[in-house]
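Novice: Give me the fold of what follows.
(2 chains)
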Number of protein chains: 2
Amino acid sequence: MKKTFKKAAIIGVGLIGGSLALALKKRKLASLVVGVSGHKETLRLARARGVIDQGSLGLDIIRGADLVVFATPVNTISELARKASSIAAEGCLVIDVGSTKEAIVNKLQGLFSNFVGTHPIAGSEKRGVAYARADIFENSLCILTPTKKTRPGALKAARSLWKSLGAKVVNLSPAGHDRAIAFVSHLPHIVVFSLMNSIPAGLLKLGAKGLKDTTRIAASDSRLWADIFLSNRYFLETVNEFQVSLSKLKKAIKAKDALLLRQLLDSARKKKEVLG
Amino acid sequence: MKKTFKKAAIIGVGLIGGSLALALKKRKLASLVVGVSGHKETLRLARARGVIDQGSLGLDIIRGADLVVFATPVNTISELARKASSIAAEGCLVIDVGSTKEAIVNKLQGLFSNFVGTHPIAGSEKRGVAYARADIFENSLCILTPTKKTRPGALKAARSLWKSLGAKVVNLSPAGHDRAIAFVSHLPHIVVFSLMNSIPAGLLKLGAKGLKDTTRIAASDSRLWADIFLSNRYFLETVNEFQVSLSKLKKAIKAKDALLLRQLLDSARKKKEVLG
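Specialist: Residues are numbered from 1 along each chain as shown, chains lettered A, B, ... in the order given. Below you'll find the model as predicted:
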């Protein structure tokens, strides 16, 4: 039987937090859903859209919740955690949905007895509760990052929650997660941001569908991504790997080595086939 | 009144050449369309799909044509041009559709009296006559690259041809074209190829929609793109610009300079808004 919560508290009612709130309500997994946001307008919109039942600018509203979800930008999660831990009910299930895990897990597992780090891979370049949808986790992937300190009961409950929302769940260590996500998500973002910055503004009108598709994620929120880039200590290693790959291609071009160049492009194409 | 051709010869019946052939026929701009390909199977398929009326492995078939289109990969255009010039009718309109222009224009304007370099921005990661469609030039952009040697009548005819096919036509110098296209097309390709090469194969299963969209063009043909990279002498300058942009972001991350980092990401986001 699926576990249901009496009161779910969502700290950070943006795209992911708002979607999680909607999904909890739609699937009747929580009797009451409350939300915390630093912005009145977000709370107003979240209530108007039926995303949350009650909202507050302060953390006091999380009192008595049996599920607490941190869904703010990653830096803010660490900033809010200590205060939240003094309010949250002992023994409540606590998860976060941050895009980097090691720093957050290290901090939050010391503050909450039933904490599990989670990362639903369901974001987009869109931001804010206006884009929240109950179905964004269906058929998506959610990475759970248990450690030796994670209680089996908490892990089971977190896993069950995400599966109830339609996600496929996999476990990785916090460090394994951060390294993997640095490659498949954070690296593509920095590469695309750099690409946009390097194209002279006057030439953008010549850009075709290929460029537009490639750079979709450049529309992503700058504060969110600055935080992510600064909070993943495996990230710069992946940027180095990318720079090495680019240098290899550049070297083949400088040497006019068509054969090597084709081999390198074929290897990229084959990986793209695997990626889909 | 739109100019029509008695016999159009398409050298290279792939995605672009085949689409051009189909568009010429659909709009009744050519009474007869013949095609040249190095591959029997391509010719068979092109005839079966009604893309060309006649096909040949050799260049002799272009004899008597009043429109000759070079639509092979860029290196092959230069290789075939001299022989084609000994067969083509004096005074026929000759265009190419290559993705780099300076080298091709320099060579072909010396061989054909009515040559105009053109670049329809209508390719995709798909390749081959199987994907040819009559409508791919509609509402697309076609860059024409006239020089001091280009005859006004030839330029007018080439412009009229592309406009008849639904393209919006702009003029650039061959060098201006190559530099611009290096930024908006060739650079995104090398960046995406490098990105795929740098991601460990075992992590691809964690890739989400963002990564898939960003890397769509990594499925592009390796021979075609190796040729393009090697034939655009402005290309490596744009790669240098990109490397500088990436280094700036990396430096801000190393320095944990969140403010500078956000500024750099915001500048990318604003350009993305302009690009669309």
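
Novice: Let's check: the centremost residue of chain A is which one?
Specialist: The residue lying closest to the centre of chain A (C-alpha atoms, centre = their mean) is residue A:99, at 3.6 Å.

Novice: Contacts only, for residue A:71.
Specialist: With contacts defined as C-beta atoms under 8 Å, 6 or more residues apart in numbering or on different chains, residue A:71 is in contact with A:10-14, A:16-17, A:20, A:96-97. In this view, the C-beta of every residue, glycine as well, is placed from N, C-alpha and C.

Novice: give me phi/psi at it?
Specialist: The phi and psi values for residue A:71, taken as degrees, to the nearest 10, are phi -130, psi 30.

Novice: And it, how far from residue A:135?
Specialist: With the distance defined as C-beta to C-beta, to the nearest Å, residue A:71 ends up 17 Å from residue A:135.

Novice: for residue A:91, same thing?
Specialist: Taking C-beta to C-beta as the measure, residue A:91 falls 31 Å from residue A:135.

Novice: give me the low-pLDDT residue ranges for the stretch 51-200 of chain A?
Specialist: For the stretch 51-200 of chain A, no stretch is flagged by pLDDT under 70.

Novice: Within range of chain B, give me the residues from it.
Specialist: A:121-125, A:140-141, A:143, A:180-181, A:183-185, A:187-200 (C-beta under 8 Å from any C-beta of the partner chain).

Novice: Using neighbour counts, trim the residues you listed to the buried set.
Specialist: The neighbour count (16 or more other C-beta atoms under 10 Å in any protein chain shown) marks A:121-125, A:140-141, A:143, A:180-181, A:183-185, A:187-199 as buried among those.

Novice: Out of the residues you listed, list just those in strands.
Specialist: A:121, A:141, A:143 (DSSP state E).

Novice: quick one: the top helix by length along chain A to helix B:235-254, angle?
Specialist: If you go by DSSP state H, chain A has its longest helix at helix A:235-254. Relative orientation of helix A:235-254 versus helix B:235-254 (axes from the mean of the first three to the mean of the last three C-alpha atoms, to 10 degrees): 170 degrees.

Novice: ok, and what's touching helix A:235-254?
Specialist: Applying C-beta under 8 Å, 6+ apart, the contact partners of helix A:235-254 are A:178-179, A:182-183, A:186-187, A:190-191, A:229, A:260-261, A:264-265, B:190-191, B:193-195, B:197-198, B:229-230, B:235-236, B:239, B:243, B:246, B:250, B:253-254.

Novice: Also stretch A:218-234?
Specialist: The contact list for stretch A:218-234, computed with C-beta under 8 Å, 6+ apart, reads A:73-76, A:98-100, A:102-104, A:125, A:127, A:175, A:178-179, A:181-182, A:186, A:189-190, A:192-193, A:195-196, A:235, B:249, B:253, B:256, B:258, B:261-262, B:265-266, B:268-269, B:271-273.

Novice: try it again with 7 Å
Specialist: Contacts of stretch A:218-234 from elsewhere in the structure, counted by C-beta atoms under 7 Å, 6 or more residues apart in numbering or on different chains, are A:73-75, A:99-100, A:102-103, A:125, A:127, A:178-179, A:182, A:186, A:189-190, A:192-193, A:196, A:235, B:253, B:256, B:258, B:261-262, B:265-266, B:268-269, B:272.

Novice: Only C-alpha atoms, please: export that stretch in PDB.
Specialist: Output of stretch A:218-234 as PDB, limited to C-alpha atoms (Å, rounded to 0.1, in the frame of the first residue of the first chain):
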ATOM      1  CA  ALA A 218      21.100  28.700 -22.600                       C
ATOM      2  CA  ALA A 219      17.700  30.200 -21.600                       C
ATOM      3  CA  SER A 220      18.100  28.600 -18.200                       C
ATOM      4  CA  ASP A 221      18.100  30.700 -15.000                       C
ATOM      5  CA  SER A 222      21.500  32.300 -14.300                       C
ATOM      6  CA  ARG A 223      21.200  32.300 -10.500                       C
ATOM      7  CA  LEU A 224      20.200  28.700 -10.400                       C
ATOM      8  CA  TRP A 225      23.000  27.600 -12.600                       C
ATOM      9  CA  ALA A 226      25.700  29.800 -11.000                       C
ATOM     10  CA  ASP A 227      24.800  28.000  -7.800                       C
ATOM     11  CA  ILE A 228      25.000  24.600  -9.300                       C
ATOM     12  CA  PHE A 229      28.300  25.300 -11.000                       C
ATOM     13  CA  LEU A 230      29.700  26.500  -7.700                       C
ATOM     14  CA  SER A 231      28.400  23.700  -5.600                       C
ATOM     15  CA  ASN A 232      29.600  20.700  -7.600                       C
ATOM     16  CA  ARG A 233      33.300  20.000  -6.800                       C
ATOM     17  CA  TYR A 234      33.500  17.400  -9.600                       C
END
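
Novice: in chain A, which spans are helices?
Specialist: Under DSSP H, chain A gives helices at A:15-26, A:40-48, A:74-87, A:102-111, A:152-164, A:174-181, A:187-198, A:209-214, A:222-231, A:235-254, A:258-275.

Novice: how about a markdown table for these, with distance to residue B:47 added?
Specialist: A markdown table is the format used below for the helices of chain A (distance: least, C-beta to C-beta, whole Å):
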| stretch | distance to residue B:47 |
| --- | --- |
| helix A:15-26 | 52 |
| helix A:40-48 | 60 |
| helix A:74-87 | 59 |
| helix A:102-111 | 61 |
| helix A:152-164 | 54 |
| helix A:174-181 | 49 |
| helix A:187-198 | 41 |
| helix A:209-214 | 29 |
| helix A:222-231 | 52 |
| helix A:235-254 | 37 |
| helix A:258-275 | 29 |
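
Novice: these two touch, right, the residue nearest to the centre of chain A and residue A:121?
Specialist: No - in this structure residue A:99 lies outside contact range of residue A:121 using C-beta atoms under 7 Å: 9.0 Å.

Novice: what sits opposite the residue in the stretch 1-150 of chain A that chain B sits nearest to in the beta ladder?
Specialist: At 4.5 Å from chain B, residue A:121 is the closest residue in the stretch 1-150 of chain A, using C-beta to the nearest C-beta. As for beta bridges, residue A:121 partners with residue A:141 under DSSP bridges.

Novice: Show the contacting residues for it.
Specialist: Shown in contact with residue A:121 (C-beta under 7 Å, 6+ apart): A:140-143, B:208.

Novice: so which of the residues you listed comes closest to residue B:49?
Specialist: Distance to residue B:49, by C-beta to C-beta, is smallest for residue B:208 among the contacts of residue A:121, at 36.4 Å.

Novice: ok, now which ones touch that closest one?
Specialist: By C-beta under 7 Å, 6+ apart, the neighbours of residue B:208 are A:121, A:185.

Novice: Now do it against residue A:184, distance only.
Specialist: As judged by C-beta to C-beta, residue B:208 and residue A:184 stand 7 Å apart.
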